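Q: After the sequence you'll find the predicted model.
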Amino acid sequence: MSSPEQIVLVVGGSRGLGLGFVKQLTQTSATRAIGTVRKPAPDLEKELPNAKFLLMDMTDDASVVAAAAQVPELDVLIINGAFGARDPVTSTSTATLQTYLETNVLGPHRVINAFLPALRARKTRKIVVIASSSASLAFQAEPTSGGLAGSYGVSKAALNMLVVQIAKELNRPPANEAFTVVPIHPGWVATDMGNQHGPGGQDPQEAAKKILELVATLESKDSATFYKFDGTTMPW
Ligand SMILES: NC(=O)c1ccc[n+]([C@@H]2O[C@H](COP(=O)([O-])OP(=O)(O)OC[C@H]3O[C@@H](n4cnc5c(N)ncnc54)[C@H](OP(=O)(O)O)[C@@H]3O)[C@@H](O)[C@H]2O)c1
């Protein structure tokens, strides 16, 4: 029999925004929080006894299959883990660009497909992919837009297309599986990645709280919309 509680899995729950999600979820009643980590995290298990931590590296098939085997049912999958630094495409090796694609595009593809059976086992069926304003072609092509998104932006834009394709495939007739599949830009968050731009980003748990509030309101009809953490929409 299905558990009445909501089961939410956060990919990349070791630190930063992902850990913010796990902490926030443990404060939500009737929610079982699962965070994935690449290395055993005994300190986190001690700090957050209500959360479960699973080992998983998105870039590794066997690791993803093994993690998915431990989660037979899932309501919400949050793909949060990513790799991001300052790597302009014209001065970065193709091998480095490949690393971005491996982690930020192929990783989410592998994870989403592996966890589809668990999501199909419940009715909620939400897939949330943490995107970035760096993914927005409209922003990046704007001559007056600020920073260069570089290799990270290439991978995040590809990830957005992956999300749109997954949303369309899962919700197309006649099956129409009623999935809610969205990319969400979290804004500027004070994490290892966000702090590369200096101090001043949002607190990770506060940002996670806002995103979870938004996710709770989303339905299948909202799929393939590019959201910002505050519920407004982003240009593709
Ligand atoms: N911070 C911002 O201002 C900002 C702005 C826009 C978008 N974002 C997006 O928000 C999300 C979270 O970013 P963050 O700022 O929290 O980044 P972060 O502080 O760099 O943390 C990255 C997380 O991803 C995990 N990760 C990296 N590679 C992985 C892999 N192969 N498999 C599984 N997990 C992996 C890391 O695990 P380890 O601890 O094992 O390395 C860590 O938990 C990302 O998708 C990022 O692109 C952030």
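A: Done, it's in.
Q: What does the pLDDT read for residue 54?
A: pLDDT recorded at residue 54 is 98.
Q: Bridged to it, which residues?
A: Beta bridges link residue 54 to residue 36 when assigned by DSSP bridges.
Q: What sits closest to the residue of the chain found nearest the ligand if chain neighbours are left out?
A: Of all residues in the chain, residue 16 sits closest to the ligand, at 2.4 Å by Cβ to the nearest ligand atom. The C-beta positions use only the backbone N, C-alpha and C, and glycine is treated the same way. Nearest non-adjacent residue to residue 16, counting by Cβ to Cβ, 6 or more residues apart in numbering: residue 191, 3.3 Å away.
Q: For the one you found, the count of nearby residues, please.
A: Residue 191: 21 surrounding residues under other Cβ atoms under 10 Å.
Q: quick one: it is in a helix?
A: No. Residue 191 is assigned coil when assessed by DSSP: H, G, I helix; E, B strand; the rest coil, not a helix.
Q: Report the contact partners of the residue of the chain closest to the ligand.
A: By Cβ atoms under 8 Å, 6 or more residues apart in numbering, the contact set of residue 16 is 189, 191-194, 204.
Q: tell me, which of these make contact with the ligand?
A: Restricting these to those within reach of the ligand (Cβ under 6 Å from any ligand atom) leaves 189, 191-194.
Q: returning to what we had before: I'd say the residue nearest to residue 16 and residue 202 touch.
A: No. Judged on Cβ atoms under 8 Å, residue 191 makes no contact with residue 202 at a distance of 9.5 Å.
Q: give the contact list for the closest residue to residue 134 other than its chain neighbours.
A: Nearest non-adjacent residue to residue 134, counting by Cβ to Cβ, 6+ apart: residue 149, 3.6 Å away. Taking Cβ under 8 Å, 6+ apart as the criterion, residue 149 is in contact with 132, 134-135, 140, 156.
Q: Pull up the gap between the closest residue to residue 206 other than its chain neighbours and residue 198, please.
A: Leaving out its chain neighbours, the residue that sits closest to residue 206 by Cβ to Cβ, 6+ apart is residue 20, at 7.6 Å. Residue 20 is 19 Å from residue 198, where distance means Cβ to Cβ, to the nearest Å.
Q: Those two: which is more packed in?
A: Between residue 20 and residue 198, counted using other Cβ under 10 Å, the more crowded position is residue 20 (27 against 9).
Q: tell me which element residue 216 falls in.
A: Using DSSP states H and E, residue 216 maps to helix 204-217.
Q: Which pLDDT value belongs to the residue nearest the centre of the chain?
A: By Cα atoms, centre = their mean, the chain has its centre lying nearest to residue 79, at 2.4 Å. Per-residue pLDDT puts residue 79 at 98.
Q: ok, what's across the strand from it?
A: Beta bridges link residue 79 to residue 11, residue 129, judged by DSSP bridges.
Q: Would you mark the buried spots in stretch 92-102?
A: The neighbour-count check on stretch 92-102 (16 or more other Cβ atoms under 10 Å) flags 92, 97, 99-102 as buried.
Q: For it, output the C-alpha coordinates as CSV.
A: Provided in CSV are the C-alpha atoms of stretch 92-102 (Å, rounded to 0.1, in the frame of the first residue of the first chain):
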residue,chain,number,x,y,z
THR,A,92,38.0,26.2,-22.5
SER,A,93,39.0,22.8,-23.7
THR,A,94,36.3,20.6,-25.3
ALA,A,95,37.1,18.1,-22.6
THR,A,96,36.0,20.6,-20.0
LEU,A,97,32.8,21.4,-21.9
GLN,A,98,32.2,17.7,-22.0
THR,A,99,32.4,17.6,-18.2
TYR,A,100,29.7,20.3,-18.0
LEU,A,101,27.5,18.3,-20.3
GLU,A,102,28.2,15.0,-18.4
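Q: Good, we can wrap up now.
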